[in-house]
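Participant: Have a look; sequence and predicted model below, questions after that.
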Amino acid sequence: MRAVAINIGANTNEPGFRGPVFPDGTFEYIPIPESEPTTERVPTYGDLAPALDTPIPDSLRETPVHLDPEFPEYPYCEQYTYGDEHGVKAGPLSELSAGDMLLFYATLTVDGEAEWLPPEWGAFMIGHFVLAADPVTPEAGVVPESERAYFENNAHTKRDPPDARVLVRGNPEQSRLYEAAVALSSPAGGTEANDIVTEVSADSGRGPWWRRPLRFDDHATARLRERLP
């Protein structure tokens, strides 16, 4: 079993704020805005607001969201799916196979104090998929007919035109959005990677590691799974 962890979710660039993480590890996942035209109406930040404790600015309430990845535990989601149009993520994801792991991490604003939390903000694992099948690599964004039922609610298939270079679906019995976040930043600060990054993953932890895909080989994935909720 191999694994790749990728960055997702709201940040200080899009839409201008991060989701929070609290001293007990609970957090809120907030997606980024939808940046492309869609073939149908997609949820807005205002639609998500009743399910969130994080205040949504009035200026964003009508802004559509790019609800990707999908977690069935989250509003307006149906299955565990993820798609990506960017080669920096699509490349390593397309190399995974059924049974491998796709993990999701987000930068979150720290709300409160605890020894394990960095000041101000940090990067945290918030969920994962165990792949139910090999990744799908659509031709010109078009999903093969045999796979369409799995991905019809994914944000990339709703874009006009569809643009996913890779689509991944998780095994519903082995995939989940976490209830408690797992830190990737050290308590010293958000930009300082902890041992999951520097010793378990293949990343050096130097530079803006919190924006890069993190790779884990078979042995590293086994070690990582011991740290996951």
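Facilitator: That came through fine. Residues are numbered from 1 along each chain as shown.

Participant: pLDDT below threshold where in the chain?
Facilitator: For the chain, no stretch has pLDDT under 70.

Participant: Checking the nearest residue to Arg18 once chain neighbours are set aside next. Helix, strand or coil?
Facilitator: Distance criterion CB to CB, 6 or more residues apart in numbering; nearest residue to Arg18, sequence neighbours excluded, is Thr109 at 4.5 Å. In short, each C-beta sits where N, CA and C put it, glycine included. Look at Thr109: counting by DSSP: H, G, I helix; E, B strand; the rest coil, its state is strand.

Participant: residue contacts, Thr109?
Facilitator: Thr109 makes contact with Phe17, Arg18, Gly19, Pro20, Val21, Glu120, Trp121 under the criterion CB atoms under 8 Å, 6 or more residues apart in numbering.

Participant: how close does it get to Arg61?
Facilitator: Thr109 is 20 Å from Arg61, where distance means CB to CB, to the nearest Å.

Participant: The protein: helices as residue ranges?
Facilitator: Taking DSSP state H as the criterion, the chain carries its helices at 45-48, 87-94, 148-151, 195, 218-225.

Participant: Buried residues, the third one. List them.
Facilitator: Just to be clear, that refers to helix 148-151. Residues Tyr150, Phe151 are the ones in helix 148-151 that count as buried (16 or more other CB atoms under 10 Å).

Participant: packing partners for that helix?
Facilitator: strand 81-84, strand 166-169 (3 or more CB pairs under 8 Å, 6 or more residues apart in numbering; DSSP states H and E).

Participant: Nice, that's everything, thank you.
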